[in-house]
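Asks: here is the input, now give the coordinates:
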Amino acid sequence: MSNPMKTTFMAKAKDVEKKWYLLDAEGKTVGRLAAEAAKILRGKNKPIFTPHVDTGDYVIVINASKAVFTGKKLKKKIYFHHTGYPGGAKFETAGDWMRKFPERVIEHAIKGMLPKNKLGADLFRKLYVYKDGKHPHAAQKPETVELNIR
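Replies: Okay, the predicted model is just below:
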């Protein structure tokens, strides 16, 4: 007699096929773009998704400087950083960050959507963000993803 209990499929890291995806941030809302990128990095867009295994793909985000915030976030959203020294608290607005280093805005948003453990750190290393339309990953033949977000 066969066992009526079925086992749950668990992907193994060596069996996962990694692909490269290209996302264009021009005119896209930062948070919505970050959510889509995090989904691809995590592997949630694949039927073999397993929470404790890196089933995700590589993501390249171009035109980070052309991403947008909704509402008054450019003036009111605050990024906090502490230098580690007494009195070393630094506060900057989203508008300042978009002018100085737009890549960091996208990276910060995506990193916040990944797991806070070693797996999340490994996933974050598969993210590449560039402020303009050029990237050095042509040899990987990235597949362009058309995002249906505002």
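
Asks: can you pull out the strands in the chain?
Replies: 20-24, 58-62, 78-82, 89-93, 127-129, 143-144 (DSSP state E).

Asks: okay, the angle between the fourth one and strand 78-82?
Replies: Taking axes from the mean of the first three to the mean of the last three CA atoms, to 10 degrees, strand 89-93 and strand 78-82 form an angle of 160 degrees between their directions.

Asks: sorry, back to before: buried deepest among the strands of the chain, which one?
Replies: strand 58-62 (a mean of 22; mean count of other CB atoms under 10 Å). All C-beta spots, glycine's among them, are computed from the backbone N, C-alpha and C.

Asks: export the strands of the chain as JSON lines, with columns for distance to residue 41.
Replies: Listed next are the strands of the chain as JSON lines, based on distance: least, CB to CB, whole Å:
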{"stretch": "strand 20-24", "distance to residue 41": "9"}
{"stretch": "strand 58-62", "distance to residue 41": "6"}
{"stretch": "strand 78-82", "distance to residue 41": "21"}
{"stretch": "strand 89-93", "distance to residue 41": "26"}
{"stretch": "strand 127-129", "distance to residue 41": "6"}
{"stretch": "strand 143-144", "distance to residue 41": "15"}
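
Asks: how about the helices of this protein, start to end?
Replies: 30-42, 73-76, 94-100, 102-111, 118-124 (DSSP state H).

Asks: tell me how far residue 95 lies from residue 68.
Replies: 11 Å (CB to CB, to the nearest Å).

Asks: again with residue 96
Replies: Following CB to CB, the distance that separates residue 96 from residue 68 is 16 Å.

Asks: likewise residue 139?
Replies: Counting by CB to CB, the gap from residue 139 to residue 68 is 31 Å.

Asks: what's the answer for residue 9, then?
Replies: Counting by CB to CB - residue 9 and residue 68 are separated by 40 Å.

Asks: neighbour count: these two, which is higher?
Replies: Ranked by neighbour count (other CB atoms under 10 Å), residue 9 and residue 68 place residue 68 first, with 15 against 8.
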